[in-house]
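A.B. asks: sharing a sequence plus its predicted fold:
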Amino acid sequence: LRPLLIDCDPGIDDMVALLLACASPEVELLGVSTVAGNVGGELTARNALDVLALAGRSDVPVAVGADRPLVVEGLRGHRGAHGDTGLGGARLPRSPSRPVGGHAVPFLAEMIESSERPVTLVAVGPLTNVALLFALFPDVAARLDRLVVMGGAVGRGNITPAAEFNVWADPEAAYRVLSAPGLPRRVPTTMVGLDVTLRTLIGPADADGLRAAGGAGALVADAIAEYVHGAPDGGGVPMHDAVAVAEAVRPGILDCRPARIDVDHGFGPERGRTVVDLDGAEVSVAVGADCPAVVRFVLDRIVR
Ligand code: BDR
Ligand code: CA
């Protein structure tokens with residue numbers, strides 16, 4: 001079993017990502033940290049707890065992390081695509097569990113340090129917590145086996161023409177994690193961006209299947225029914241974060257290429273853009289996949 005940590009901001013697709021991790025026998029979910037993103041900090045933690053309870057994993061600790069980006073308060077007042085609660089149209093049973101005490105960043109460090117085997121960290125929200133982890137605990141972070149990030153794009157953005165939401169929400173943090181040489185040894189890092197995630201869609205027939213399955217599947221169907229960010233052509237709802245977890249659970253399910261990433265953290269119209277150089281080799285970037293197969297992989301596990 002590969003030990004896994006997930007840093008997230010649930011978030012409809014974060015919900016799908018958490019459910020996938022809980023349903024995957026290849027990994028052991030050690031803990032979840034939350035960050036302000038799709039909704040504010042307290043709400044993302046509440047949602048993570050409720051999703052874990054739904055999956056029968058109330059034993060997984062949840063820690064609340066950064067409530068604002070490192071430098072610019074750009075998120076404040078952002079009206080997200082995930083509805084007021086963050087989980088779209090889903091009304092989950094309230095878990096009686098509470099987040100663990102203390103901030104998510106030392107929590108992540110403690111989890112990484114105390115794990116007998118090297119940990120994979122999957123980051124599917126703004127990268128604030130991960131940047132702080134790298135800054136405050138560089139030696140611990142260097143022990144990570146792998147970092148898989150849902151964020152950025154080789155091509156067009158989704159929140160602006162240049163920027164993908166998670167990078168746009170904290171470009172300075174994304175710069176530190178994806179571009180800056182901040183670690184004694186660079187953690188093997190994979191960026192899973194919009195180029196793949198916008199093609200990995202839960203289509204109308206998939207949603208019908210989820211609803212018919214009942215349980216967690218039906219709640220995912222409820223959630224996505226109110227997801228504002230459908231695919232550009234109306235063909236379905238992107239599973240963004242679950243695609244990153246799929247790559248962590250089954251390495252190689254995505255077609256990844258060596259690359260170098262720069263993150264625009266200036267204050268012009270390109271703020272939050274990931275500039276991907278496929279001639280570089282510092283990180284890897286997902287450039288393709290058998291997208292329908294990835295969708296099946298994720299949904300089959302969730303309804304099981
Ligand atoms: C990313 O932004 C968020 O809205 C989603 O949860 C995902 O992590 C996609 O751009
Ligand atoms: Ca997310």
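C.D. replies: Now that the structure is in, tell me what you want to look at. Numbers count the residues shown, from 1 in each chain. Ligands and ions are numbered 1, 2, ... in the order given.

A.B. asks: spell out which parts of the stretch 151-300 of the chain neighbour ligand 1.
C.D. replies: 158, 164-166, 240-241 (CB under 6 Å from any ligand atom). Any C-beta I mention is one placed from the backbone N, CA and C, and that applies to glycine too.

A.B. asks: strand partners of the lengthiest strand in the chain, parallel vs antiparallel please.
C.D. replies: Longest strand in the chain by number of residues (criterion: DSSP state E): strand 254-263. Partner strands and pairing direction for strand 254-263 (DSSP bridges) are strand 274-277 (antiparallel), strand 283-289 (antiparallel).

A.B. asks: in the stretch 151-300 of the chain, which spans are strands?
C.D. replies: 189-192, 201-202, 237-238, 254-263, 274-277, 283-289 (DSSP state E, counting those that start in this stretch).

A.B. asks: would you list these in TSV and tack on mean pLDDT, distance to Leu43 and mean neighbour count?
C.D. replies: Output for the strands of the stretch 151-300 of the chain, formatted as TSV (pLDDT from 0 to 100; distance: least, CB to CB, whole Å; neighbours: other CB atoms under 10 Å):
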stretch	mean pLDDT	distance to Leu43	mean neighbour count
strand 189-192	97	24	25
strand 201-202	94	23	23
strand 237-238	93	21	25
strand 254-263	96	27	19
strand 274-277	97	27	20
strand 283-289	96	29	21
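
A.B. asks: so which of those gets nearest Arg46?
C.D. replies: Smallest distance to Arg46 across the strands of the stretch 151-300 of the chain (CB to CB): 22.4 Å, for strand 237-238.

A.B. asks: quick one: the helices in the stretch 201-304 of the chain, in order.
C.D. replies: 204-213, 215-225, 240-249, 291-303 (DSSP state H, counting those that start in this stretch).

A.B. asks: is the second one in proximity to ligand 2?
C.D. replies: Think helix 215-225. No. For helix 215-225, no contact with ligand 2 is found by CB under 5 Å from the ion; the gap never falls below 12.8 Å.

A.B. asks: and that helix, what does it pack onto?
C.D. replies: helix 12-22, helix 204-213, helix 291-303 (3 or more CB pairs under 8 Å, 6 or more residues apart in numbering; DSSP states H and E).
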